[in-house]
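K.L.:
This is a predicted model, with the sequence first.
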Amino acid sequence: MKLKTKMIHAGITGDKVTGAVTVPIYQTSTYEQDGPGQHRGYEYSRTKNPTRYALEELIKELENGHAGFAFSSGMAAITAVMMLFDKGDHIVMTDDVYGGTFRVMTKVLNRFGIDVTFVDTSDFEALAGALTEKTKAIYIETPTNPLLKITDLRAVSRLAHEKGLLLIVDNTFNTPYLQRPLELGADIVLHSATKYLSGHSDVVGGLVVVKTEELAERLHFIQNSTGGILGPQDSFLLIRGIRTLALRMEAHEKNAWELADFLSQHPKVKKVYYPGLENHPGHSIAKAQAAGFGGMISFDVGSEALSEQVLRKIKWFTIAESLGAVESLISVPAKMTHASIPKDRRDELGITDGLIRLSVGVEDIDDLIEDLKQALGD
């Protein structure tokens, strides 16, 4: 089955009882049993719900994994995955991760004795040098948020497995339509499903896919024990969103290409971060491990004053957190998505007050270019 077809027909489709072509919303908490402990696959919706299970089967098949899990948010998904580890364990993590990931690792999970080292994982030698005897996993964002750095997943997976480590990949930016980390050697892939998988700014959710039965059993135990599950209504909306994912990702990327080219030539733009550009340091690796370059662009205008001007004058880009929706979104990561990272750390990474991040939508590209042109002051 081709990928576009898989987006629509994979997993559990329809309802055999009524003939409905979409999976129903099973808005129920509990299920009748035929006898004590004799249920029909469902006993309590924290443990398993038919609508959520249909979504979990869908993302499992799209990522070509062993099992899928749906959580109440991307952060709930990340937290559950981190509960696979014990006090004293060490994680090596991409340095410019999403601010919420940085926050949970440094302000919450550190209190439970899980240690983390942030490193530029696009630098293989730096990554290898950060491993210790206590390291249990490598956690990768590729492309990263917001600097769109690229990590060689094949090379890192070989390193991880040589050392007996788990490789965890946040695939939010590329989605399974463009990149499937499990096929490249990862053990766990996760998504903020709020973003491209939903695609319409109307769902908050997180998805995880694991490669083995052993990981599936462990993560299901954690999910059932801690209870951060996705509800049936949001599960239904995510299934609906994924059905158009292929079409949307193609439209996002087409617009992103043209915007990246426009910004690269603009005199007020100091630097453009987009993996599709040949001068991007990770371009060749991105081309080798993904089917496209996605719809995210960051660019630096060199000053806080100019970034504020752009956001003040912009018309068709919505100033908002999040990304991956049909409407174009614009943000200043230093003041929004990455504000939880200390300023000195942001400056060290290159997340300056002049850095602007675009989630390129599917509007007419001429309108988007004209909007940025007037906002920059042409």
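P.N.:
Received the coordinates, thanks.
K.L.:
drop to CA atoms for contacts and neighbour counts, all remaining ones
P.N.:
Fine.
K.L.:
Where do the helices of the stretch 201-350 of the chain begin and end?
P.N.:
Shown for the stretch 201-350 of the chain, the helices assigned by DSSP state H, counting those that start in this stretch span residues 213-226, 232-243, 245-264, 283-289, 304-313, 343-349.
K.L.:
As a markdown table, these with mean pLDDT, mean neighbour count and distance to residue 99 would be great.
P.N.:
Supplementary listing: the helices of the stretch 201-350 of the chain in a markdown table, determined by pLDDT from 0 to 100; neighbours: other C-alpha atoms under 10 Å; distance: least, C-alpha to C-alpha, whole Å:
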| stretch | mean pLDDT | mean neighbour count | distance to residue 99 |
| --- | --- | --- | --- |
| helix 213-226 | 98 | 15 | 23 |
| helix 232-243 | 97 | 22 | 24 |
| helix 245-264 | 98 | 20 | 23 |
| helix 283-289 | 98 | 16 | 23 |
| helix 304-313 | 96 | 16 | 19 |
| helix 343-349 | 87 | 13 | 10 |
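K.L.:
Which among the ones you listed is found nearest to residue 188?
P.N.:
With C-alpha to C-alpha, the closest approach to residue 188 among the helices of the stretch 201-350 of the chain belongs to helix 213-226: 8.5 Å.
K.L.:
Can you get me a residue count around residue 265?
P.N.:
Residue 265 has 12 neighbours, counted by other C-alpha atoms under 10 Å.
K.L.:
that older thread, same list, the helices of the stretch 201-350 of the chain, but as JSON lines with distance to residue 153 please.
P.N.:
Compiled in JSON lines, the helices of the stretch 201-350 of the chain are given as follows (distance: least, C-alpha to C-alpha, whole Å):
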{"stretch": "helix 213-226", "distance to residue 153": "20"}
{"stretch": "helix 232-243", "distance to residue 153": "24"}
{"stretch": "helix 245-264", "distance to residue 153": "21"}
{"stretch": "helix 283-289", "distance to residue 153": "8"}
{"stretch": "helix 304-313", "distance to residue 153": "33"}
{"stretch": "helix 343-349", "distance to residue 153": "21"}
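K.L.:
where does this structure dip in pLDDT?
P.N.:
Low-confidence segments of the chain, defined by pLDDT under 70, span residues 378.
K.L.:
Geometric centre of it: which residue is closest?
P.N.:
Of all residues in the chain, the one closest to the mean position by C-alpha atoms, centre = their mean is residue 172, 1.8 Å from it.
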